[in-house]
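Engineer: can't give you the sequence, but here's the structure:
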């Protein structure tokens, strides 16, 4: 008896139509949205950071990712040597540099 009822219920249920094309379109739109909202801006920031690091030279004041502020005294292939105070020099990887301090920030820091 239960088999007859389940068979009748299956036959009366409407079959889904056109689900494949609309689902594929939805997935493509979601991937495009993810790319334009997340991946593209991250790549842009990464390229800007790489250009900033390549442009650094001796005498520039920088901040490391750890928050240490120093002045570049020597530029090597993969590292910078930063002068932190009068007799303290520390070597940092180029990837550890977070940002370059502008002239306005330098003057405000000296006051």
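Structural biologist: Received the coordinates, thanks. Here the structure is a predicted model, which is why all the values come from computation and not from measurement.
Engineer: Please, which helix or strand holds the most centrally placed residue in the chain?
Structural biologist: For the chain, residue 42 is the residue whose C-alpha lies nearest the centre (CA atoms, centre = their mean; 4.0 Å). If you go by DSSP states H and E, residue 42 is part of helix 40-55.
Engineer: Residue 77 now?
Structural biologist: Using DSSP H and E, residue 77 falls outside every helix and strand.
Engineer: Look at it and report its pLDDT.
Structural biologist: Residue 77 is assigned 92 on the pLDDT scale.
Engineer: For it, give its distance to residue 47.
Structural biologist: 20 Å (CB to CB, to the nearest Å). From N, CA and C alone the C-beta is placed, and that goes for glycine too.
Engineer: Between these two, tell me which one has more neighbours.
Structural biologist: Counted by other CB atoms under 10 Å, residue 77 and residue 47 do not tie: residue 47 has more neighbours, with 10 against 5.
Engineer: The helix holding residue 42 packs against which elements?
Structural biologist: strand 97-100 (3 or more CB pairs under 8 Å, 6 or more residues apart in numbering; DSSP states H and E).
Engineer: So for the strand it packs on, what gets flagged as buried?
Structural biologist: By neighbour count with 16 or more other CB atoms under 10 Å, strand 97-100 contains the buried residues residue 97.
Engineer: What helices and strands are in contact with that strand?
Structural biologist: Applying 3+ CB pairs under 8 Å, 6+ apart, one finds that strand 97-100 contacts helix 40-55, strand 61-64.
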